[in-house]
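Enquirer: Structure for the following, please:
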Amino acid sequence: MTNPSCPGTWFITDILINQNSHRQDDSNTNYPVQGYENDDPTYELKANNRWDLISTFDGRSMYVGWCGNAIHYPQMVNKRFVKDDPNCQSGGTPQQQYDCINGQCITKTQYNTPGIYNSLADCQAVCSNGGACASGKQCVDPTTFCPDGKVCIDQGEFASIEALISKIGSEVC
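Expert: As a prediction, the model looks like this:
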């Protein structure tokens with residue numbers, strides 16, 4: 001299951017209670033954990049006698065071994081979430097972006113394109129009439145559907161670039 005909400009950081013403040021003495025032994029203050037807005041983290045005791053921080057949304061471990069043993073149990077005092085992108089739409093779904101390809105508006109996720117239009121309406125204003133667009137809109141070349149100021153390449157060139165990136169990334173400098 002993919003988490004559909006905004007990515008960001010949870011800041012967790014908790015205390016660790018000793019189960020024998022029922023006293024506080026340690027604490028974490030504003031400890032950062034990467035996750036998603038609707039994760040709503042909580043604790044779960046795992047078979048290895050460790051407490052994991054888990055997502056109540058999908059049950060995945062967000063932090064394995066949050067507390068190292070079963071003698072202590074964590075008690076959450078505070079948790080707050082900060083979005084990676086403050087413009088991510090509340091309700092969890094980032095704003096959909098579009099690109100014009102061969103005269104059709106597609107979501108940027110369909111072919112992993114840049115998403116130069118922030119709404120379907122903006123894309124359609126440019127794409128639907130063969131690239132002619134109104135003043136103030138980002139225009140495309142009607143023969144290549146390449147936006148002004150951008151350089152478009154074919155799939156073969158793109159594959160070559162990806163292969164070089166992969167090769168460079170695997171080399172040790």
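
Enquirer: Is it correct that Asp52 is in contact with Glu44?
Expert: Yes. Using Cβ atoms under 8 Å, Asp52 is in contact with Glu44, at 5.4 Å. C-beta here means a position set from N, CA and C on the backbone, and glycine is covered the same way.

Enquirer: of those two, who's got more company?
Expert: Neighbours per residue (other Cβ atoms under 10 Å) separate Asp52 from Glu44, with Asp52 holding more: 19 against 13.

Enquirer: so who does the more buried one touch?
Expert: The neighbours of Asp52, taking Cβ atoms under 8 Å, 6 or more residues apart in numbering as the test, are Tyr43, Glu44, Lys46, Ser61, Met62, Tyr63, Val64, Gly65, Trp66.

Enquirer: pLDDT at it, what is it?
Expert: Asp52 carries a pLDDT value of 85.

Enquirer: Neighbours of the closest residue to it other than its chain neighbours, how many?
Expert: Leaving out its chain neighbours, the residue that sits closest to Asp52 by Cβ to Cβ, 6 or more residues apart in numbering is Ser61, at 4.6 Å. Ser61: 13 surrounding residues under other Cβ under 10 Å.

Enquirer: Am I right that Ile165 falls within a strand?
Expert: No. Applying DSSP: H, G, I helix; E, B strand; the rest coil, one finds Ile165 to be helix, outside a strand.

Enquirer: so how far is Thr107 from it?
Expert: 24 Å (Cβ to Cβ, to the nearest Å).

Enquirer: how about low-confidence regions in this protein?
Expert: Scanning the chain for pLDDT under 70 picks out 1-4, 25, 68-70, 90-95, 102, 128-151, 170-173.

Enquirer: Go again with 50.
Expert: Across the chain, the ranges flagged by pLDDT under 50 are 1, 92-93, 131.

Enquirer: can you give me the strands in it?
Expert: 7-18, 24-36, 42-45, 51-54, 61-67, 72-83, 98-101, 104-107 (DSSP state E).

Enquirer: Mind checking which of Ile165 and Thr107 has more residues around it?
Expert: Ranked by neighbour count (other Cβ under 10 Å), Ile165 and Thr107 place Thr107 first, with 14 against 10.

Enquirer: Just list the residues touching that one, thanks.
Expert: Gln96, Gln97, Tyr98, Gly115.

Enquirer: Please render these as TSV that adds neighbour count to the earlier fields.
Expert: Shown next, in TSV, are the contacts of Thr107 (neighbours: other Cβ atoms under 10 Å):
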residue	neighbour count
Gln96	14
Gln97	18
Tyr98	24
Gly115	16
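
Enquirer: looking at it, Glu44 is touching Ser55, isn't it?
Expert: No. Taking Cβ under 8 Å as the definition, Glu44 is not a contact partner of Ser55, at 10.1 Å.
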